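Engineer: please find the sequence and the predicted model below.
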Amino acid sequence: MRLDFRHHVASGSVAVDVRPNVHPADLGCDAASLGLPVCTARVETAAQGYRAMCGWIQVVRSTDNSTGGAGFDIDPFAPSGADSPYAFYGLAPTLFDAPSRDHRDDFDWLAHAFLAHTPLGTHAVEAVLGFSWGFTFRKEEVQIIGPSPLDHADWEAHHELLTAEHPAWAFPGMSTT
């Protein structure tokens, strides 16, 4: 799936690929991710320098997470340990995720991933675009879901969670420019 965007003066697109993880070791994953989906979202933009700085925020709802599937949690991937809502941030960063589970009980897993921008010198996160993806696991069979575009209402639905998890940050609406 390809999603086009225009953010302030720059335009671009995101190429989203979701497929089964058939070679976990090749992707740096453990064997528990075999058969589950792998998501890669690559940003392509005409923006340069600081205008190309953006990041990915991902929230996940899973029937085996802290809410039992009743709500979303922040994706637990946080390599820097910093108080940042971003899983990935940089010059046109790529989102990569390959969920794994030691158990093979039936469950549902859905992610909402948002490409966002933070103006220099602020702690404000402005979503540019979003998409959902995920999978269900039933009777040892994986069914991949999505990817599908998300909109402003989907971003707004996560405002309370994002604010609670990162109170030093502001999460205004999704960009419409």
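Structural biologist: All right, it came through fine.
Engineer: ok, which stretches of this protein are strands?
Structural biologist: Applying DSSP state E to the chain gives strands spanning 2-7, 10-20, 37-45, 53-62, 73-74, 88-91, 95-97, 107-117, 126-138, 141-150.
Engineer: in the last one, what's buried?
Structural biologist: Burial within strand 141-150, assessed by neighbour count using 16 or more other C-beta atoms under 10 Å, is assigned to 142, 144-147, 150. Quick note: C-beta positions are derived from backbone N, CA and C, even for glycine.
Engineer: of those, which pair is most distant in space?
Structural biologist: 142 and 150 (22.2 Å; C-beta to C-beta).
Engineer: list the contacts of the residue with the largest distance to the centre of the chain.
Structural biologist: Seen from the C-alpha centroid of the chain, the residue lying at the greatest distance (C-alpha atoms, centre = their mean) is residue 139, 26.8 Å away. Contacts here follow C-beta atoms under 8 Å, 6 or more residues apart in numbering; on that basis residue 139 touches residue 106.
Engineer: and with 10 Å instead?
Structural biologist: 104, 106 (C-beta atoms under 10 Å, 6 or more residues apart in numbering).
Engineer: can you check the one 3 residues further on too?
Structural biologist: Residues in contact with residue 142, defined by C-beta under 10 Å, 6+ apart, are 20-21, 34-37, 104, 109, 135-136.
Engineer: where is pLDDT lowest across these?
Structural biologist: Lowest pLDDT of the contacts of residue 142: residue 104, 79.
Engineer: please name the nearest non-neighbouring residue to it.
Structural biologist: Closest residue in space to residue 104, ignoring its immediate chain neighbours: residue 140 at 6.0 Å, by C-beta to C-beta, 6 or more residues apart in numbering.
Engineer: ok, that neighbour to residue 35 distance?
Structural biologist: 9 Å (C-beta to C-beta, to the nearest Å).
Engineer: now swap in residue 159 and tell me
Structural biologist: Taking C-beta to C-beta, one finds residue 159 at 34 Å from residue 35.
Engineer: look at those two and report which has more neighbours.
Structural biologist: Of the pair residue 159 and residue 35, residue 35 is the one with more neighbours under other C-beta atoms under 10 Å, namely 16 against 12.
Engineer: good, we can wrap up now.
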